[in-house]
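Student: Mind looking at a prediction? Sequence and model below.
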Amino acid sequence: MLGRPTQARPVYYHDESVRNRPLGSFRGDFLKSPSRLCAPCNNERTQPHDLAWERMSHWLRSHRPPIRPGEFVRGDRIYPMSATQEMRNVHLYFTKLTGCHLLEAGLKFDQSALAKSILNGKPNPYIHLKFGISRSGLLLGMSDLQAATLVPDDSLAFAVWIYALEMLVIHVMYAIAGERREGLIGAWHPRTGSNRFVLADFP
């Protein structure tokens, strides 16, 4: 989506600690997560997850007429032959990214549960997705992580980060059992038994 940057025409990376760092290439280690999966998991085991998300994101961004906030999207419109499995793969794609994000943040969370989801191909009980449309369409990439921890042992109770592809925005949430955060309202999870989700209206 950003094209191919060069030294003469860079793109700029920005987060809470780095301000407008020019990037003449997307190949540098600076852009890679330090919390990497092993090669077999990253290149083979999770490839169906990557491909499922690639297909969904393309469908949502290229649909004509453009999809709007408040609309319901059915998984079988995106994946006519295998909606349940492919929607599960999308969930696992964000499970993988969230695990890396949480590790980078140094948070105390149930790592084994996320690992088992990837290894067994089963939805993770903690990961919830809220798909939406941004009115501004100004963001591209992953946001920083916002987290809330439990007082007794400082373990993670809830975390949210944003994955944005201009107009298409996903709020990715990690929530332990019993969490009733407002952000979870309207979020999708495979255990609901439905492949249908509603598009939220994001700023």
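Tutor: Received, thanks. Residues are numbered from 1 along each chain as shown.
Student: May I ask which helix or strand encompasses residue 40?
Tutor: Following DSSP states H and E, one finds residue 40 within helix 39-40.
Student: Could you measure from the spatially closest residue to residue 77 that is not a sequence neighbour over to residue 65?
Tutor: Closest residue to residue 77 apart from its sequence neighbours, by C-beta to C-beta, 6 or more residues apart in numbering: residue 59 at 7.8 Å. No exception for glycine: its C-beta is placed from N, CA and C like everyone else's. Between residue 59 and residue 65 the distance is 13 Å, computed by C-beta to C-beta, to the nearest Å.
Student: just to revisit the earlier point, against which helices or strands is the one helix or strand the residue nearest to residue 77 maps to packed?
Tutor: Using DSSP H and E, residue 59 sits within helix 47-62. Secondary-structure packing of helix 47-62 (3 or more C-beta pairs under 8 Å, 6 or more residues apart in numbering; DSSP states H and E): helix 75-78, helix 83-105, strand 168-175.
Student: Pick the most deeply packed of those.
Tutor: strand 168-175 (a mean of 23; mean count of other C-beta atoms under 10 Å).
Student: quick one: strands adjacent to the next helix or strand after that one?
Tutor: Later in the chain than strand 168-175, the nearest helix or strand by DSSP H and E is strand 196-198. Neighbouring strands of strand 196-198 in its sheet, by DSSP bridges, are strand 72-74 (antiparallel).
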